[in-house]
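> The sequence and its predicted three-dimensional model are supplied below.
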Amino acid sequence: DTGVSQNPRHKITKRGQNVTFRCDPISEHNRLYWYRQTLGQGPEFLTYFQNEAQLEKSRLLSDRFSAERPKGSFSTLEIQRTEQGDSAMYLCASSLAVRYTEAFFGQGTRLTVV
Amino acid sequence: AQKVTQAQTEISVVEKEDVTLDCVYETRDTTYYLFWYKQPPSGELVFLIRRNSFDEQNEISGRYSWNFQKSTSSFNFTITASQVVDSAVYFCALSDANTGFQKLVFGTGTRLLVSP
């Protein structure tokens, strides 16, 4: 499978715990994006990388959130001290570094904080 | 600021009916791109089409067609002869120079239910 891969697909955690999600983009794509989608809403941009550099972060990304892409390949999104409001689908996407190209999305990680 | 409005929350049709999904956008930029994505129950967003602001030609791809009208800031999506497999949530999205064309601003989506 050469699409965007996200793991885990589902995560249930207790409030206050830390969680980490992983995204493996399409291999030749140098841009990687994280979005968050809550129930009944469209995805909202969180952050994006070009290679290993994190170039933009949304105001939605509080200081409890951190994303990395250490070698310009896979990326991780960590949420510290999870809150119930963090419950959402976290979507990863990747694209080529051309401004008018489409992004390809993974199947997402659904986080439930109880 | 950029905004995408999909006023139809949910549409139900019977198989073989035609259905149009509406999308209205707001942007101050003259250069922008519009997209449609499909989200089936599996959760993955599937790219359907990209349109740039300088190309107002309507496009047809099989049973799918798109009507882009700058005068009304609309980018509507029509499925002809709908099928059960078309059941999904459909999102319209926008990227523009203000976002550096690096991120998508999505609408809230329209859930399409096609019954046999």
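Right, received. Where do you want to start?
> How many residues are close by A:Lys11?
Neighbours of A:Lys11 under the rule other CB atoms under 10 Å in any protein chain shown: 18. Just so you know, the C-beta spots here come from the backbone N, C-alpha and C atoms, and that holds for glycine as well.
> typo on my end, it should be B:Pro41
By other CB under 10 Å, neighbour count at B:Pro41 equals 8.
> now B:Leu112
Residues near B:Leu112, counting by other CB under 10 Å, number 21.
> Kindly indicate whether the residue of chain A found nearest chain B is helix, strand or coil.
Using CB to the nearest CB, the single residue of chain A nearest to chain B is A:Gly42, 3.1 Å away. Three-state assignment for A:Gly42 (DSSP: H, G, I helix; E, B strand; the rest coil): coil.
> okay, now it: neighbour count?
Counted with other CB under 10 Å, A:Gly42 comes out at 22.
> next one: A:Gln17
With other CB under 10 Å as criterion, A:Gln17 counts 13.
> OK, contacts around it?
A:81-82 (CB atoms under 8 Å, 6 or more residues apart in numbering or on different chains).
> A:Gln37 versus that one, what's the distance?
Using CB to CB, to the nearest Å, A:Gln17 is found at 21 Å from A:Gln37.
> if I pick residue 29, what's in contact with it?
The chain I'm using is chain A. A:94-96, A:104.
> My question was about chain B, not that one.
Per CB under 8 Å, 6+ apart, neighbours of B:Asp29: B:53, B:96-98.
> 10 Å - rerun?
B:2, B:53, B:94-99, B:101 (CB atoms under 10 Å, 6 or more residues apart in numbering or on different chains).
> now these in a markdown table, with pLDDT and distance to B:Gln8?
Output for those, formatted as a markdown table (pLDDT from 0 to 100; distance: CB to CB, whole Å):
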| residue | pLDDT | distance to B:Gln8 |
| --- | --- | --- |
| B:Gln2 | 88 | 20 |
| B:Ser53 | 91 | 23 |
| B:Leu94 | 93 | 17 |
| B:Ser95 | 90 | 22 |
| B:Asp96 | 85 | 23 |
| B:Ala97 | 79 | 29 |
| B:Asn98 | 73 | 26 |
| B:Thr99 | 70 | 25 |
| B:Phe101 | 73 | 27 |
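> Closest one of those to chain A?
B:Phe101 (4.0 Å).
> From A:Lys11, how far off is the residue in chain B positioned nearest to chain A?
Distances between chain B and chain A by CB to the nearest CB are smallest at B:Phe106, namely 3.1 Å. Distance of B:Phe106 to A:Lys11, given as CB to CB: 23 Å.
> got it, and B:Trp66?
In terms of CB to CB, B:Trp66 sits 36 Å off from A:Lys11.
> what are the bridge partners for the residue nearest to the residue of chain A closest to chain B when sequence neighbours are not counted, then?
Once flanking residues are discounted, A:Gly42 sits nearest to B:Phe106: 3.1 Å by CB to CB, 6 or more residues apart in numbering or on different chains. In this entry, B:Phe106 is beta-bridged to B:Ala93, by DSSP bridges.
> wait, B:Phe106 sits on A:Ala93?
No. Counting by CB atoms under 10 Å, B:Phe106 stays clear of A:Ala93, with 11.6 Å between them.
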